[in-house]
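Q: Next one to model:
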Amino acid sequence: MLDLKADFASRVKQRLQEEDIIWFTTVNARGIPNSNPVWFYWDGEFIIVFSQPDSHRVRNIRRNPSVSLHLQGVDGLGNHVIVINGEASLRPGNDTIPQGYWDKYVKFLPGSNLTADEMLRDYSVEIRVKPSRVRGE
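A: Numbering: from 1, shown residues only. Model (predicted):
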C-alpha cells in the first residue's frame, strides 16, 4: 500500500476489506471514461477484479492500463470519498480465485444466477490493480 497517514490508511484498508462494490473506471479508445460497479478483493497489495475476456474493461486496459477506482460508501454530503488511481495488469486464462474473494461474494452467487464453476469459467481474466495514488477523506 502507499505511504499514507496512519489514520487515513487504516480507513482505506478497512473499507477495501469491508465494502462489496468498487467503481472501476477505464478509458475507451475514444478517450471516454467508462465506469462500472464490480466485485473486488484487496489482497494487501493489489485490488483484484475478475472479468469476462471480451469485456470493454479488458479491451480498454489493453490500450491503456491506467485506471481509477472509487469506493462506494460516500454519504449524501460527499463525505467518506476514497479514489484510487493505479495501473492494471491482465492475467487471461485464470483458473483460480482467491479464497478471500469467495468468502466475500459467495452470498451473492445465487442472486447473480452464477455457480462458482460458471464464475470461474466465464470471468477468466484476472485484473490486478497496483494502487499508485489514493485520495479522499
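Q: can you give me the helices in the protein?
A: Secondary structure of the chain (DSSP state H): helices at 6-18, 56-63, 99-105, 109-112, 116-122.
Q: Just name the most buried of those.
A: Stretch with highest mean neighbour count among those: helix 56-63 (a mean of 16; mean count of other Cβ atoms under 10 Å). From N, CA and C alone the C-beta is placed, and that goes for glycine too.
Q: For it, name the packing helices and strands.
A: Counting contacts by 3 or more Cβ pairs under 8 Å, 6 or more residues apart in numbering; DSSP states H and E, helix 56-63 packs against strand 22-27, strand 33-38, strand 82-91, strand 125-136.
Q: Name the surrounding residues that touch stretch 110-118.
A: 102, 106, 109, 119, 122 (Cβ atoms under 8 Å, 6 or more residues apart in numbering).
Q: right, and the pair among the residues you listed with maximum separation?
A: Of all pairs drawn from these, the greatest distance, 16.1 Å, lies between 106 and 122 (Cβ to Cβ).
Q: now the helices and strands packed on helix 56-63 as CSV including mean pLDDT and mean neighbour count?
A: Formatted as CSV, the helices and strands packed on helix 56-63 follow (pLDDT from 0 to 100; neighbours: other Cβ atoms under 10 Å):
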stretch, mean pLDDT, mean neighbour count
strand 22-27, 97, 20
strand 33-38, 96, 13
strand 82-91, 96, 17
strand 125-136, 95, 17
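Q: Make JSON lines out of these and add distance to residue 57.
A: Below are the helices and strands packed on helix 56-63 laid out as JSON lines (distance: least, Cβ to Cβ, whole Å):
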{"stretch": "strand 22-27", "distance to residue 57": "5"}
{"stretch": "strand 33-38", "distance to residue 57": "7"}
{"stretch": "strand 82-91", "distance to residue 57": "9"}
{"stretch": "strand 125-136", "distance to residue 57": "7"}
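Q: Determine which of those approaches residue 51 most closely.
A: Closest approach to residue 51 among the helices and strands packed on helix 56-63 (Cβ to Cβ): strand 125-136, 4.7 Å.
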